[in-house]
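S.K.: A predicted structure for the sequence below; I have some questions about it.
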Amino acid sequence: MSGHAWIEERIAGFQDLSAAIGLIELGLVDALRRPTTAEALCEERTLDPERLRRLLNALCWSGLLQVDDAGRYLLT
């Protein structure tokens, strides 16, 4: 593995960890055990919808969450 690829892999791992920590700190783990939308999570916890959507999408990219065709997020 080249030095550049190694660094990129470590950065991606750090980003995944940071997103997972954010999910835990916001207390969203239990809520995401059932399919739910970003909007519903925001209403329950008075969160910023755009920021939460970015966090949830990052977690989908990392494989920790999935999103269905209706825009509902769920833990994998």
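M.R.: That came in fine, so what should we check first?
S.K.: list the buried residues for stretch 19-26?
M.R.: 19, 20, 22, 23 (16 or more other Cβ atoms under 10 Å). Backbone N, C-alpha and C define where each C-beta goes, glycine included.
S.K.: wouldn't the last one be in contact with residue 60 here?
M.R.: No: checked against Cβ atoms under 8 Å, the pair residue 23 and residue 60 is beyond contact range at 11.5 Å.
S.K.: ok, residue 68 - contacts?
M.R.: Residue 68 makes contacts with 35, 74, as judged by Cβ atoms under 8 Å, 6 or more residues apart in numbering.
S.K.: can you tell me how far it sits from residue 42?
M.R.: Between residue 68 and residue 42 the distance is 18 Å, computed by Cβ to Cβ, to the nearest Å.
S.K.: and residue 14, how many neighbours?
M.R.: By the criterion of other Cβ atoms under 10 Å, residue 14 has 10 neighbours.
S.K.: what's the separation between it and residue 5?
M.R.: Residue 14 sits 15 Å away from residue 5, going by Cβ to Cβ.
S.K.: and the gap between residue 57 and residue 71?
M.R.: Taking Cβ to Cβ, one finds residue 57 at 11 Å from residue 71.
S.K.: ignore the last one, residue 62
M.R.: 18 Å.
S.K.: please apply the same query to residue 20.
M.R.: 21 Å.
S.K.: same question for residue 17.
M.R.: 25 Å.
S.K.: again with residue 49
M.R.: Counting by Cβ to Cβ - residue 49 and residue 71 are separated by 12 Å.
S.K.: that's all I had, so thanks and see you.
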